[in-house]
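Q: sequence unknown, structure follows:
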């Protein structure tokens, strides 16, 4: 074995007090966006935005093809009848709400360090929530970034797991063959990914 690919959420890191499906927290996160943008809020605006987020919630509506956070938040701004110039700020506020509780599992750093000592290359292949961009993903791995050689997201690949394209891309970027790499994750789709190869 030359390399190991890891899932990110609920494998190397977790969001404290945040369930895997963010649906129950939409309103609080959206309220922060409304406040930040100085919008006069009403329940109808938040309902429309919650409907958009629900459409893109892969726990409710699984999909193979990935979308970007810009696409999703442009849809929200459109239902709010706001100019798309606010999209970057809306994305930042939304993900800040969830990432403030980002934590690395206690044992993660020691495991990654032990693998590096054995010259095992380490990569992350993660399906991101709501098309989260890579800059935000990298913020989540800040405490362990020195042990990670490559980070690939579903947005980078264009597909979500268990499609094999991400694993193949990860192996290539880690300069190994798929037969010389394993994948560690916490969901059935992570196991199915390995079966498809």
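A: Perfect, I can see it now. Note that the coordinates shown come from a computational prediction; the quantities given were computed from them, not determined experimentally.
Q: just checking, next helix/strand downstream of the lengthiest strand in the chain?
A: Secondary structure of the chain per DSSP state E: the longest strand is strand 121-126. Sequence-wise, the next helix or strand downstream of strand 121-126 (DSSP states H and E) is helix 134-140.
Q: what mean pLDDT does that next one have?
A: The pLDDT scores in helix 134-140 average 97.
Q: Other residues contacting that helix?
A: The contact list for helix 134-140 (Cβ atoms under 8 Å, 6 or more residues apart in numbering) reads 8, 13, 91, 95, 99, 102, 126, 128, 145, 151, 153, 155-156. For every residue, glycine as well, the C-beta is placed using N, CA and C.
Q: Apply 6 Å and report the result again.
A: Contact with helix 134-140 is made by 13, 95, 102, 153, as judged by Cβ atoms under 6 Å, 6 or more residues apart in numbering.
Q: TSV for those, including distance to residue 160, neighbour count and pLDDT?
A: As requested, the contacts of helix 134-140 are exported to TSV (distance: Cβ to Cβ, whole Å; neighbours: other Cβ atoms under 10 Å; pLDDT from 0 to 100):
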residue	distance to residue 160	neighbour count	pLDDT
13	18	23	97
95	18	23	97
102	21	19	93
153	10	22	98
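Q: Which of those fall within helices?
A: Assigned to helices by DSSP state H, the following of the contacts of helix 134-140 qualify: residue 95.
Q: Identify the farthest-apart pair in the contacts of helix 134-140.
A: The span of those, defined through Cβ to Cβ, is set by 102 and 153 at 15.3 Å.
Q: of all the contacts of helix 134-140, which comes closest to residue 62?
A: Nearest to residue 62 out of those is residue 153 (Cβ to Cβ; 17.1 Å).
Q: contacting residues for that closest one?
A: Residues near residue 153 by Cβ under 6 Å, 6+ apart: 126, 128, 134, 137.
Q: Distance check, the last one against residue 13.
A: Using Cβ to Cβ, to the nearest Å, one obtains 10 Å as the distance from residue 137 to residue 13.
Q: now the second one
A: Per Cβ to Cβ, residue 128 is found 13 Å from residue 13.
Q: and if you look at the third one?
A: Here the distance between residue 134 and residue 13 works out to 15 Å (Cβ to Cβ).
Q: where along this structure do the strands fall?
A: 3-6, 13-15, 102-104, 121-126, 150-153, 181-184.
Q: Look up phi and psi at the residue sitting furthest away from the middle of the chain.
A: Going by Cα atoms, centre = their mean, the residue of the chain most distant from its centre is residue 40, 30.1 Å out. Geometry field for residue 40 lists phi and psi as phi -70, psi 110, criterion degrees, to the nearest 10.
Q: pLDDT score for it?
A: On pLDDT, residue 40 comes in at 82.
Q: just residue 197 next, same as before
A: Here, the pLDDT recorded for residue 197 equals 66.
Q: same check, this time on residue 86
A: Reported pLDDT for residue 86: 96.
Q: Mind splitting the chain into its structural domains?
A: Domain assignment for the chain, taken from automatic domain parsing, gives 3-16+102-196, 22-99.
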